[in-house]
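K.L.:
give me the fold of what follows.
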Amino acid sequence: MANKALVLLAVLFCAQAVFGVTIISKSEWGARSPTSKSTLASSLSYAVIHHTAGNYCSTKAACITQLKNIQNYHMDSLGWADIGYNFLIGGDGNVYEGRGWNVMGAHATNWNSKSIGISFLGNYNTNTLTSAQITAAKGLLSTAVSRGQIVSGYTLYGHRQVGSTECPGTNIWNEIRTWSNWKA
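P.N.:
Here you go, the predicted model:
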C-alpha cells in the first residue's frame, strides 16, 4: 500500500511539472488588495516578457520583499490600481501571481488589453536567467494556453518590441529569441 501511495505521489508530481506550474498566490505573498480591476479577455494573441530592472532575488523570502516593494511603487508612486504585471518569476524559480488571470495589467502601453505581462524579478542586463526560471516561464505560458488566456499560436514579444525601452534586459532578450513563439 505504501508503494502505491509513493507511485501516486510521483505521478501527481510529474503531472504538475509537465502540465502546469505552481503559482504563489497574492494572498500567500501578502499582496495589498487592488484599488480596481479591469477584465482581460481570453484567447489573447500576445504575451510580453519584462524584467523589473530592480534587485534580483534567489529565495522566496527575498522575492516576497521585492514583490511588495514593486507593488508599493506601482500603487503609491505611479498611482496604478495594483502591481503592473500579471505574473512575476523570481530567481528562486517560483512564479508569483501579480494581477493574475483575466485581469488587465499595466505593463506595456497600448498592449495591456491584448496581452499578458510576465516579468522576471531583477535586472537582466547584469543578472542571468537560471534553468529553473526558464522552465517556470515556459510552464506558465503553457498553462496560459491550456487555460485559454492566450491562443496556442500566440506571439511572444520582449517589452522592447512594443515600447521604447531596453526591457527585458539583454540576457532575457537573447534567451526568449530562441523560444518557438517569439517573433521578430
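K.L.:
C-alpha from now on. contacts and neighbour counts both.
P.N.:
Noted.
K.L.:
can you map out the strands along the chain?
P.N.:
Listed in chain order, the strands of the chain (DSSP state E) span residues 23-24, 44-51, 87-89, 95-97, 115-120, 150-158.
K.L.:
most packed of the ones you listed?
P.N.:
Counting by mean count of other Cα atoms under 10 Å, strand 115-120 has the highest mean neighbour count of the strands of the chain, with a mean of 29.
K.L.:
give me the sheet partners of it and which way each runs.
P.N.:
Here strand 115-120 is paired, per DSSP bridges, with strand 44-51 (parallel), strand 87-89 (parallel).
K.L.:
of all those strands, which lies closest to Tyr124?
P.N.:
With Cα to Cα, the closest approach to Tyr124 among the strands paired with strand 115-120 belongs to strand 44-51: 6.7 Å.
K.L.:
pull out the buried residues from stretch 102-116.
P.N.:
Of all the residues in stretch 102-116, those buried under the rule 16 or more other Cα atoms under 10 Å are 102-108, 111-116.
K.L.:
same list (these) but as a markdown table, adding distance to Tyr157 and pLDDT.
P.N.:
Formatted as a markdown table, the buried residues of stretch 102-116 follow (distance: Cα to Cα, whole Å; pLDDT from 0 to 100):
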| residue | distance to Tyr157 | pLDDT |
| --- | --- | --- |
| Asn102 | 19 | 96 |
| Val103 | 19 | 97 |
| Met104 | 17 | 97 |
| Gly105 | 15 | 96 |
| Ala106 | 16 | 96 |
| His107 | 12 | 96 |
| Ala108 | 11 | 94 |
| Trp111 | 11 | 97 |
| Asn112 | 13 | 97 |
| Ser113 | 15 | 97 |
| Lys114 | 12 | 97 |
| Ser115 | 10 | 97 |
| Ile116 | 11 | 97 |
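K.L.:
greatest separation within those residues: which pair is it?
P.N.:
Asn102 and Ala108 (16.2 Å).
K.L.:
which parts of this structure are helices?
P.N.:
Remark: helices assigned in the chain by DSSP state H are 2-19, 26-29, 60-72, 131-147, 170-176.
K.L.:
could you tell me the least trusted of the ones you listed?
P.N.:
In terms of average pLDDT, helix 2-19 trails the rest of the helices of the chain, at a mean of 45.
K.L.:
ok, back up a step: mind putting the strands of the chain in a markdown table, distance to Ala62 included?
P.N.:
As requested, those are exported to a markdown table (distance: least, Cα to Cα, whole Å):
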| stretch | distance to Ala62 |
| --- | --- |
| strand 23-24 | 14 |
| strand 44-51 | 16 |
| strand 87-89 | 12 |
| strand 95-97 | 13 |
| strand 115-120 | 14 |
| strand 150-158 | 25 |
